[in-house]
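S.K.: Show me the folded form of this:
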Amino acid sequence: MKLIGRYTAVLIGLFLVILFAVGWERVAREEQEVIDETSRDHQVLGEYIRATAVDTAGSPGSIGARIEHTMAISNRLQHPTRLEWISGDSASSDFAGGISDTHHIEGDALVSLFPLRMDGQRIAGAIRIRESLAEGRARVRRATWIMVESMATFVLVASLIALAVGRSLVANPIHAVVQKARRAAKGDFAQPLAWQRTDEIGSLATEIDAMCTALSAAHMTVLEETRRRLSADNELRHAERLATAGKLAAGVAHELGTPLSVISGRAQMIASGEVTGEKAKTSAASIEHEAGRIGRIVRQLLDFVRRKGPDGSPSNVAEVVSRTLTFLEPIAAQKQIGMTTTNLEEAARVALDAETFQQIVTNLVRNAVDAMSAGGVLTIAARNVKLSPPKDLDAPPSVYVRVDVADNGPGIPENVREHIFEPFFTTKAPGEGTGLGLSVVYGIVEDHGGWIGVESSPRGTTFSVFLPQVMPS
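M.R.: Residues are numbered from 1 along each chain as shown. Just a heads-up that it's a prediction; the model follows:
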């Protein structure tokens, strides 16, 4: 309806401009016609009086008296027109330039002068005719206003008709097209317009119906394709779960196979009496050691499988790191590895309990110690950083606690780096590691809304753990 209103307003404006121009031009033309017609009437009257006076014999004085008598009679009969005789001396000054007849406007009246010549040369006097133009002009204005009112009525009626026709032929169909487009945007492609019109709006409706039909078909195709992809994704996840389960089973079997073989062999030796005395004690000690190893493997496997999310008990970074390094220091000292810390007091608390955070630090430090077979220095640093997390976390920029565990070992080869967080993947010798430590760390950090970064070169490796900061209450 806005378009029709604007279109009608423009038409009304154009009509009004045209109406004003036509009215103005007509008033000017009609007024000029009144002046011309009055001038002609004056000319006829002046010629008649002048001809009558010239045919009358006598002196200029008797001619003037005769003309004044005729004018007096005429003035009594024609009220709008006033005639006047001008004597010879005054007339001579008015027509000194030799002009014969003149017509000019004085105020709201037309004044005409007609000289009377004696013997063809001498001016005996002049006839002056004055007639008011007010009545003629008023008649012109009345006629013009009647025309303007008629045209205004026509414009008003035409505008109402244009609004009604525009609403029926344009506004309502366009509204229906808009509603159809809105329904299509919401996925409703039913209720076709199906108009039997051959104009542009009919063509638009036909194209929209065709578009909705095509979109409906495409929508059904997308739904079917989505269903197939979801089914394929479910099958893929199932296959991945089976593969993971198989890998876990293979890893468990590999890790438990050696200690179980030792336990079984030692137990059989003790049971058969093959070993006695000190040898039996040695075999029992081996059984105890391998059983403990099995227990550690099972605990790590449980930690990997049963991830624990945030429990609402934040821990202090500096306290946990210091406590962890205290009981790991003897292990590092055996390999001639020194441990230093940087900026621990500047880091805030992290959103996980002290035991879980200690497990993260312990696994990272033990891996760093194992990587520095030739000794060196292990550095742990912590600081608060504000940054945007990786895109897969889908989280806004925030403040995180960054904990770096850096060693100066030989580094991690590029072909190994992409597998380090896989369960049971290890580069250590058999019996020295289960390959679950980094997998457990990765799972814990991920469950607590953080992530792990790795930078490695031949001069050493740095594991960076990013965990959400918890501000002091």
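S.K.: Would you map out the domains in the chain?
M.R.: Following automatic domain parsing, the chain resolves into domains at 2-152, 191-306, 311-470.
S.K.: my guess is Gly338 meets Val377, correct?
M.R.: Yes - the criterion here is Cβ atoms under 8 Å, and Gly338 meets it with Val377 at 4.8 Å. The C-beta positions use only the backbone N, C-alpha and C, and glycine is treated the same way.
S.K.: Going along the chain, name the strands of the stretch 51-200 of the chain.
M.R.: Counting by DSSP state E, counting those that start in this stretch, the stretch 51-200 of the chain has strands at residues 81-87, 102-106, 109-118, 122-132.
S.K.: Pull the residues that contact stretch 204-224.
M.R.: When contacts are defined by Cβ atoms under 8 Å, 6 or more residues apart in numbering, stretch 204-224 is touched by residues 173, 176-177, 180-181, 184, 187, 189, 192-195, 197.
S.K.: low-confidence ranges in the stretch 51-200 of the chain?
M.R.: For the stretch 51-200 of the chain, residues meeting the criterion pLDDT under 70 lie at 53-80, 87-99, 118-123.
S.K.: for stretch 29-49, which positions count as buried?
M.R.: For stretch 29-49, a neighbour-count test (16 or more other Cβ atoms under 10 Å) marks 30-31, 34-35, 38-39, 41-42, 45-46, 49 as buried.
S.K.: helix, strand or coil for the nearest residue to Glu422 once chain neighbours are set aside?
M.R.: Leaving out its chain neighbours, the residue that sits closest to Glu422 by Cβ to Cβ, 6 or more residues apart in numbering is Ser439, at 6.7 Å. Classification of Ser439 by DSSP: H, G, I helix; E, B strand; the rest coil places it in helix.
S.K.: give me phi/psi at Leu352?
M.R.: Note on Leu352: its backbone torsions stand at phi -150, psi 160 [degrees, to the nearest 10].
S.K.: same deal with Gly409?
M.R.: Main-chain dihedrals, Gly409, degrees, to the nearest 10: phi -80, psi -170.
S.K.: all numbers from here: first residue = 717
M.R.: That works, and once the first residue is 717, the last one we named lands at Gly1125.
S.K.: residue contacts, it?
M.R.: 1084, 1087-1089, 1092, 1176-1177.
S.K.: do that again at 7 Å, thanks
M.R.: Residues counted as contacts of Gly1125 (Cβ atoms under 7 Å, 6 or more residues apart in numbering) are 1087-1088, 1092, 1176-1177.
S.K.: What distance do you get for the nearest residue to it once chain neighbours are set aside to Pro1126?
M.R.: Ranked by Cβ to Cβ, 6+ apart and with sequence neighbours excluded, the top spatial neighbour of Gly1125 is Ala1087, at 3.7 Å. With the distance defined as Cβ to Cβ, to the nearest Å, Ala1087 ends up 7 Å from Pro1126.
S.K.: These two - which one has more neighbours?
M.R.: It is Ala1087, of Ala1087 and Pro1126, that has more neighbours when counted by other Cβ atoms under 10 Å, with 21 against 16.
S.K.: Name the nearest residue to Ala996, ignoring sequence neighbours.
M.R.: Distances taken as Cβ to Cβ, 6+ apart put Ile986 closest to Ala996, at 5.4 Å, once the chain neighbours are dropped.
S.K.: And the one you found, which helix or strand is it part of?
M.R.: According to DSSP states H and E, Ile986 maps onto helix 916-988.
S.K.: how far does that helix sit from the chain's center?
M.R.: The chain centroid and the centroid of helix 916-988 are separated by 38 Å under Cα atoms, centre = their mean, to the nearest Å.
S.K.: same deal with stretch 1160-1179?
M.R.: Distance, centroid of stretch 1160-1179 to centroid of chain: 39 Å (Cα atoms, centre = their mean).
S.K.: Contacts for it, please.
M.R.: 1023, 1025-1026, 1067-1068, 1072, 1075-1076, 1080, 1087, 1105-1106, 1109, 1116, 1120-1128, 1133, 1158, 1180-1184.
S.K.: Against Leu931, how distant is the residue positioned nearest the centre of the chain?
M.R.: Most central in the chain under Cα atoms, centre = their mean is Ala901, positioned 17.3 Å from the mean C-alpha point. To Leu931, Ala901 is 10 Å away according to Cβ to Cβ.
S.K.: likewise Phe830?
M.R.: Counting by Cβ to Cβ, the gap from Phe830 to Leu931 is 91 Å.
S.K.: quick check, nearest of the contacts of stretch 920-940 to Thr1040?
M.R.: Checking those against Thr1040 by Cβ to Cβ gives Gly903 as the nearest, at 56.0 Å.
S.K.: Can you report how many residues neighbour the nearest residue to that closest one once chain neighbours are set aside?
M.R.: In space, and not counting its chain neighbours, Gly903 is closest to His935: 6.8 Å by Cβ to Cβ, 6+ apart. For His935, the neighbour count with other Cβ under 10 Å is 14.
S.K.: and if you look at Gly1176?
M.R.: Neighbours around Gly1176, by other Cβ under 10 Å: 21.
S.K.: I figured the residue nearest to Glu1138 hits Phe1137, correct?
M.R.: Yes - using Cβ atoms under 7 Å, Ser1155 is in contact with Phe1137, at 5.8 Å.
S.K.: And Glu1171, its phi and psi?
M.R.: When read as degrees, to the nearest 10, the backbone of Glu1171 gives phi -130, psi 130.
S.K.: Asp1086 and Ala854, how far apart?
M.R.: Asp1086 sits 118 Å away from Ala854, going by Cβ to Cβ.
S.K.: Between those two, which has more neighbouring residues?
M.R.: Set Asp1086 next to Ala854 and count neighbours by other Cβ under 10 Å: Asp1086 wins out with 18 against 10.
S.K.: Secondary structure of that one: a helix, I assume?
M.R.: Yes - per three-state DSSP, Asp1086 lies within a helix segment.
S.K.: now it: how far from Glu951?
M.R.: Here the criterion is Cβ to Cβ. By it, Asp1086 lies 39 Å from Glu951.
S.K.: Can you flag the buried ones in the contacts of stretch 920-940?
M.R.: Buried, going by 16+ other Cβ under 10 Å: 889, 892-893, 896, 900, 905, 909, 911, out of the contacts of stretch 920-940.
S.K.: out of those, who's nearest Ser999?
M.R.: Closest to Ser999, out of all of the buried ones among the contacts of stretch 920-940 and judged by Cβ to Cβ, is Phe905, at 79.3 Å.
S.K.: What residues does the nearest residue to Ile1136 once chain neighbours are set aside make contact with?
M.R.: Nearest residue to Ile1136, sequence neighbours excluded (Cβ to Cβ, 6+ apart): Leu1154, at 5.5 Å. Applying Cβ under 7 Å, 6+ apart to Leu1154 gives the contacts 1079, 1083, 1136-1137.
S.K.: Kindly report the same for Val1101.
M.R.: So Val1101 contacts 1116, 1118 (Cβ under 7 Å, 6+ apart).
S.K.: and it, bridged to which residues?
M.R.: Under DSSP bridges, the beta-bridge partners of Val1101 are Tyr1116.
S.K.: Let me know how buried Leu885 is, in neighbour terms.
M.R.: 14.
S.K.: And His891, how close does it get to Arg883?
M.R.: In terms of Cβ to Cβ, His891 sits 10 Å off from Arg883.
S.K.: Pick out whichever of the two has more residues nearby.
M.R.: Arg883 (15 against 12).
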